[in-house]
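[1] here is my input; please provide its structure:
(2 chains)
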Amino acid sequence: MKQVKLFALVTLASVCFTSAAAQNINWRSLQPGQKHIINLNAALDNSTSIGIGYGYHFNSKMPLVLSAQYSMPFGNNVFDDFKTKLGAQLNVLELQNVLVTLHAYGIIRRYENSLASMFNFGSEFATTVGYYKKTWWIAGDFGFDKAIVTNIKHSEIMKEYNPGIQSGWYIPTGGNFIYGLQGGYSFSKSDVSLKISSTMAQDFNTKPMVPYYAQVGWNWRF
Amino acid sequence: MKQFMILCAIAPVAMAMLGCSKGELDPKKPGNLVPKTAELDASIPQIAVNGTLLHAETFGNPTDPMVVFLHGGPGSDYRNGLNAKDLANHEYFVVFYDQRGSGLSKRHPKNSFDLDVMLEDLRSVINHYRNSPSQKVYLLGHSWGAMLTAAYINKYPDAVNGAVLAEPGGLNKAAFDEYSKKSRKLKLFDEVTNDVLYPDQFLTGNENDHAILDYKLALASQYTFAPGNAEGVEGPSPFWRNGAAMLKKLMEIAEKDGFDFTTNLHRFTTKVLFLYSENNTTYGETFARKEAAYFPNAQVSKVAGTGHEMFYFKWDNVKSWVLPYLDSLR
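    The predicted structure is shown next:
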């Protein structure tokens, strides 16, 4: 029955959860003099999580924001699970109010429970196409989050149960497509945003336990 | 700047290549993350029945009355029920097997599982080990295994001579939903919940990537014995492999088609023993009696001082009910 209970939990979670976790930027409200963007967010991203980010705005010919982000799931153990992203988003095309943005991030993430810990290097590539006005925007996203290689370390209890189990670097380990919508409202030096996406494993068929992604975020530009 | 973006993207790859310079492992390769199964390892004790290979062991004199242990799940294995082999010391022939797609039994594609094949497997196991038509057969089912016990009696009311059902999680869809609702307490901001969900971004596999899916299910099993769990499970208990494909398919069937293992139980007039555990707050005597009432003749007994995994953590307390019951039917 414990398996049934677990399955029930996952099923319920997939119904409840909607959630990808880049800074959502209104390029139209971002002023040339605003170099820094601080971001706070809460997300459903394979967990309920909170995150913080920093972006540096280069006012180049193609507007570019370099960013660093950190997020972690809720729970008693604060630092056992986390995800960090380091990368950039580049506004590559502008047709009046329609903007096309490319995102590229390197990802480092970690997971631990009493049975195993996992440390992963990954990457995320995404494209955002949207309609941007100075006080609001709406856009569609499509991205791919690739878990390139994962170091799995098994606990003593797992090794006791399965002496042949192998700890070490596993490759390849996975990937998920993320596609959805984002929108937001800009005022003064702030942007508030909502992003809702669906996720699907790299085989274009299998859904993760929580096949959605949702994020509410707040940017402070200065 | 484009160069910077490229750098951002390839940095993890470079770090990964450095990180795994000692040699990489394939998560899909049998044996790396979960044990090899019967079709891949001839040293595993196994029987060939009903078109599959089942990991199976027996204890005791083969001519003694047979007790077939049915493990929980669906998808778990008999490893944490092995205390029941103690019945062999009391002149019972005890048979354990990992159900199709579970434990060390052969893997099968997800869509090949259904209840009928599970019941036919059980019938084949009994026939495989039974020495004569006069040899008595008792079923000893735990959790999902107790549900399977009821399903078997419902289909073959004259096929067994007694049965023990330890906390079956609902003998029909309504009871299953009732029990699931009581035990399904999703805490969105809880460490345990997030520990179940977070690995999906590290490991992905399609529906027949058994090793990956089974491993993820094993990681998620921490949920079942987390401190404060409603089923009163004291801690981890040993397992070989959780069969994710089998679990998912049977749950899909249950949700889509429903099930009712009670329609024919009135024909089984032999006394059955219903067990519930003292510390499983989502089960309890009321639910146990409600379930037991589908049988014309049932004894309902509480196993003291333990929770749902009573066979592993408090076998002596389980035995104190099971052995007198079986002896009464000899």
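
[2] in the stretch 51-200 of chain B, which segments are predicted with low confidence?
    Within the stretch 51-200 of chain B, the stretches with pLDDT under 70 are B:184-186.

[3] if we go to 90?
    B:180-200 (pLDDT under 90).

[4] can you map out the strands along the stretch 1-150 of chain B?
    Taking DSSP state E, counting those that start in this stretch as the test, the strands found in the stretch 1-150 of chain B are B:24-25, B:46-49, B:52-59, B:66-70, B:93-97, B:137-142.

[5] got those strands as JSON lines, with distance to A:Phe204 and mean neighbour count columns?
    Yep, even glycine has a C-beta here, placed from its N, CA and C like the rest. Shown next, in JSON lines, are those (distance: least, CB to CB, whole Å; neighbours: other CB atoms under 10 Å in any protein chain shown):
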{"stretch": "strand B:24-25", "distance to A:Phe204": "25", "mean neighbour count": "18"}
{"stretch": "strand B:46-49", "distance to A:Phe204": "36", "mean neighbour count": "19"}
{"stretch": "strand B:52-59", "distance to A:Phe204": "30", "mean neighbour count": "21"}
{"stretch": "strand B:66-70", "distance to A:Phe204": "38", "mean neighbour count": "26"}
{"stretch": "strand B:93-97", "distance to A:Phe204": "37", "mean neighbour count": "26"}
{"stretch": "strand B:137-142", "distance to A:Phe204": "39", "mean neighbour count": "27"}
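
[6] how about those, which one is nearest chain A?
    strand B:24-25 (4.5 Å; CB to the nearest CB).

[7] and the closest one, average pLDDT?
    In this model, strand B:24-25 has a mean pLDDT of 92.

[8] run through who's touching it.
    A:Val149, A:Gln166, A:Gly168, A:Trp169, A:Tyr170, A:Ile171, B:Asn32 (CB atoms under 8 Å, 6 or more residues apart in numbering or on different chains).

[9] tell me how far the third one lies from chain B.
    Going back to what we said before, that points to A:Gly168. 5 Å (CB to the nearest CB, to the nearest Å).

[10] where does pLDDT dip in the stretch 201-330 of chain B?
    In the stretch 201-330 of chain B, residues with pLDDT under 90: B:204-208, B:222-224, B:226-228.

[11] so which strand or helix has A:Asn151?
    Element membership of A:Asn151, judged by DSSP states H and E, is strand A:136-154.

[12] is that strand in proximity to chain B?
    Yes. Where contact is defined by CB under 8 Å from any CB of the partner chain, part of strand A:136-154 touches chain B, namely A:Asp145, A:Ala147, A:Ile148, A:Val149, A:Thr150, A:Asn151, A:Ile152.

[13] pull out the buried positions in that strand.
    A:136-137, A:139, A:141, A:143, A:145-152, A:154 (16 or more other CB atoms under 10 Å in any protein chain shown).

[14] hang on, the earlier thing: can the residues of strand A:136-154 next to chain B go into CSV with extra columns for distance to A:Phe125?
    Formatted as CSV, the residues of strand A:136-154 next to chain B follow (distance: CB to CB, whole Å):
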residue, distance to A:Phe125
A:Asp145, 9
A:Ala147, 13
A:Ile148, 12
A:Val149, 17
A:Thr150, 19
A:Asn151, 23
A:Ile152, 25
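
[15] adding distance to A:Gly130 and pLDDT, write those residues out as CSV.
    Shown next, in CSV, are these (distance: CB to CB, whole Å; pLDDT from 0 to 100):
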residue, distance to A:Gly130, pLDDT
A:Asp145, 20, 94
A:Ala147, 27, 94
A:Ile148, 28, 94
A:Val149, 33, 95
A:Thr150, 33, 96
A:Asn151, 37, 97
A:Ile152, 38, 97
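
[16] what's the closest of those residues to chain B?
    A:Val149 (3.8 Å).

[17] quick check: that closest one touching A:Phe121?
    Yes. The criterion here is CB atoms under 8 Å, and A:Val149 meets it with A:Phe121 at 5.4 Å.

[18] the stretch 201-330 of chain B: helices as residue ranges?
    Assigned by DSSP state H, counting those that start in this stretch, the helices in the stretch 201-330 of chain B fall at B:210-220, B:244-257, B:284-292, B:310-313, B:315-328.

[19] need those helices in a markdown table with mean neighbour count, can you?
    Shown next, in a markdown table, are the helices of the stretch 201-330 of chain B (neighbours: other CB atoms under 10 Å in any protein chain shown):
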| stretch | mean neighbour count |
| --- | --- |
| helix B:210-220 | 24 |
| helix B:244-257 | 19 |
| helix B:284-292 | 18 |
| helix B:310-313 | 25 |
| helix B:315-328 | 17 |
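
[20] out of those helices, which gets nearest to B:Pro62?
    Of all the helices of the stretch 201-330 of chain B, helix B:315-328 sits nearest to B:Pro62, with 16.9 Å by CB to CB.

[21] off-centre distance for the closest one?
    21 Å (CA atoms, centre = their mean, to the nearest Å).

[22] packing partners for that helix?
    strand B:162-166, strand B:272-277, strand B:298-303, helix B:310-313 (3 or more CB pairs under 8 Å, 6 or more residues apart in numbering or on different chains; DSSP states H and E).

[23] change it to 6 Å
    Under the contact definition 3 or more CB pairs under 6 Å, 6 or more residues apart in numbering or on different chains; DSSP states H and E, helix B:315-328 sits against strand B:298-303.

[24] in the strand it packs on, what's buried?
    Across strand B:298-303, burial judged by 16+ other CB under 10 Å covers B:Ala298, B:Gln299, B:Val300, B:Ser301, B:Val303.

[25] between strand B:272-277 and that strand, find me the angle.
    Counting by axes from the mean of the first three to the mean of the last three CA atoms, to 10 degrees, strand B:298-303 lies at 30 degrees to strand B:272-277.

[26] so what strands line up beside strand B:298-303?
    Strand pairing for strand B:298-303, determined by DSSP bridges: strand B:272-277 (parallel).

[27] can you give me the strands in chain A?
    Along chain A, the stretches classed as strands by DSSP state E are A:36-44, A:48-58, A:64-73, A:82-95, A:98-112, A:116-132, A:136-154, A:168-170, A:174-187, A:190-201, A:212-221.

[28] same for the strand holding A:Asn151, what does it pack against?
    Here strand A:136-154 touches strand A:116-132, strand A:168-170, strand A:174-187, helix B:2-19, going by 3+ CB pairs under 6 Å, 6+ apart.

[29] could you check whether the first one is close to chain B?
    Yes. For a cut-off given as CB under 6 Å from any CB of the partner chain, strand A:116-132 has contacts with chain B, namely A:Ala116, A:Met118, A:Asn120, A:Phe121, A:Gly122, A:Ser123.

[30] how far off centre is that strand?
    On CA atoms, centre = their mean, the centre of strand A:116-132 falls 6 Å from the chain's centre.

[31] hang on, A:Glu112 packs against A:Asp80?
    Yes. Using CB atoms under 6 Å, A:Glu112 is in contact with A:Asp80, at 4.1 Å.

[32] give the contact list for the closest residue to chain A within the stretch 151-300 of chain B.
    Nearest residue of the stretch 151-300 of chain B to chain A, counting by CB to the nearest CB: B:Glu191, 2.9 Å away. Counting by CB atoms under 6 Å, 6 or more residues apart in numbering or on different chains, B:Glu191 touches A:Gly75, A:Asn76, A:Asn77.
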